[in-house]
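Chemist: Predicted model follows, preceded by the sequence.
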Amino acid sequence: MSAIDIRNLDVWFGSGAERALAVKDVSFQVADGESFGLVGESGSGKSTILRAIAGLVPTWSGEMKVAGEALGTRRSKAFYRKVQMVFQDPYASLHPRQTVDRVLSEAMGLHGVQDVDKRIGRLLDDVGLGAGFRFRYPHQLSGGQRQRVAIARSLACDPSILLLDEPTSALDVSVQAEILNLLTDLREEHKLTYVMVSHDLGVVGHLCERIGVMKEGRFVEVLAVDDMRKRKAKDPYTRHLLDSSINSVR
Ligand SMILES: Nc1ncnc2c1ncn2[C@@H]1O[C@H](COP(=O)(O)OP(=O)(O)OP(=O)(O)O)[C@@H](O)[C@H]1O
C-alpha cells in the first residue's frame, strides 16, 4: 500500500468564468518511507498539490488516499496525526509571543500526546537545538533555528508523512544544507515519508528518490533522481530544467 496515492487530481480556484484550473489530471504514488519531489517553474501548481493533500484547498476532484484511506473535503484529527506540513517561511509560521516550549506543547496538546515534558526535550535534541532553546522566543532565533522549531512542531504528534513546501528556500545558503541534512536524518530516525516542493533541483536531488516535473498544472514526467543526475530525462521541458540548473544537480 502506498503512503500517498493521488489519481487524476484537478484543483481549481474561483468559479464560473473566473474558474482557473491550477492542477490538471495529476497522478502519482509515494511509497512508505519514500521521498518524492515536486519541481517546476513558479506557478506550475506544486504548492497547490501539497495544499490539496493537507486539506487547505477544498475545490478539487479526483482521488486522494493517505495510508489507504480516501480523503474527502474535510480532514479528520486522525489525518493530522499522520500528516503534517512544513512551510517555507519560518519567520511567518511561528507566533512571535510564543516560546518554543509553548509552540511544541500546544501542538502536542492538540493531539493528546502524553509525557509532554520528556517529549519536548527529545524533540529539541532530534532537531539539533537542545534544551537551552526551550524557553526562547522566535525573535531570539536565527532563520535556521526557527525552521528547526517548525520541523520539531511538525513532529510533535509523531506523524508518518511530512509535506514540505520549499522548506529551505527562505534561508541563507549556508544554512540550507544543514536543514536538508537534518531532514535526511529525521526521515531515517522517524521512518518518515516526504513529499517536497522545491524549485531547486539540487535540493530535491539531495533529499528525494523520485521527482514529478510540473508545467502549467500538469506532470510532464516522473523521473528517478538517479536518472536526473545522469541527465536521462525523456521530456524536453525536464531537459530544459536540468540544463538551466546544471551546477546544482550533482
Ligand atoms: N489561493 C489562490 N487563489 C487563486 N489562485 C491561486 C491560489 N493559489 C494558487 N493560485 C494559482 O494557482 C497556480 C499554481 O500556484 P502554485 O502556488 O501551486 O504554484 P507553484 O508551482 O507552487 O509556484 P511557486 O514555486 O511560485 O510557489 C498559479 O497560477 C497561482 O496563481
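Modeler: Alright, I've got the coordinates. Computed from a predicted structure; not experimentally measured.

Chemist: Going by C-alpha atoms from here, please, whenever you check contacts or count neighbours.
Modeler: OK.

Chemist: tell me which strands and helices the lowest-mean-pLDDT helix or strand in the chain is in contact with?
Modeler: Within the chain, no helix or strand scores below helix 90-93, which has a mean of 81 by mean pLDDT, DSSP states H and E. Other helices and strands packing on helix 90-93, by 3 or more CA pairs under 8 Å, 6 or more residues apart in numbering; DSSP states H and E, are helix 143-155.

Chemist: show me what contacts the most centrally placed residue in the chain?
Modeler: Per CA atoms, centre = their mean, the C-alpha nearest to the average position across the chain is that of L164, at 1.2 Å. By CA atoms under 8 Å, 6 or more residues apart in numbering, the residues touching L164 are 85-88, 194-197.

Chemist: ok, now how distant is S198 from I53?
Modeler: Distance of S198 to I53, computed by CA to CA, to the nearest Å: 17 Å.

Chemist: same thing with V26?
Modeler: 12 Å.

Chemist: Between the two, point out the one with more neighbours.
Modeler: Neighbour count, other CA atoms under 10 Å: between V26 and I53, I53 has more, with 24 against 20.

Chemist: doesn't M64 make contact with that one?
Modeler: Yes. Counting by CA atoms under 8 Å, I53 does reach M64; the two are 7.3 Å apart.

Chemist: what does the protein put close to the ligand?
Modeler: 13, 22, 41-48 (CA under 6 Å from any ligand atom).

Chemist: Show the average pLDDT along the biggest helix by length in the chain.
Modeler: When the chain is parsed with DSSP state H, its longest helix is helix 173-189. Averaging pLDDT along helix 173-189 yields 94.

Chemist: for it, packing partners?
Modeler: Short answer (3+ CA pairs under 8 Å, 6+ apart): helix 173-189 packs on helix 143-155, helix 201-207.

Chemist: Downstream of the last one, the next helix or strand is which one?
Modeler: Stepping forward along the backbone from helix 201-207, the first helix or strand reached (DSSP states H and E) is strand 210-215.

Chemist: what's the burial count for T184?
Modeler: 17.

Chemist: Run through the residues that contact it.
Modeler: Applying CA under 8 Å, 6+ apart, we find T184 in contact with L207.
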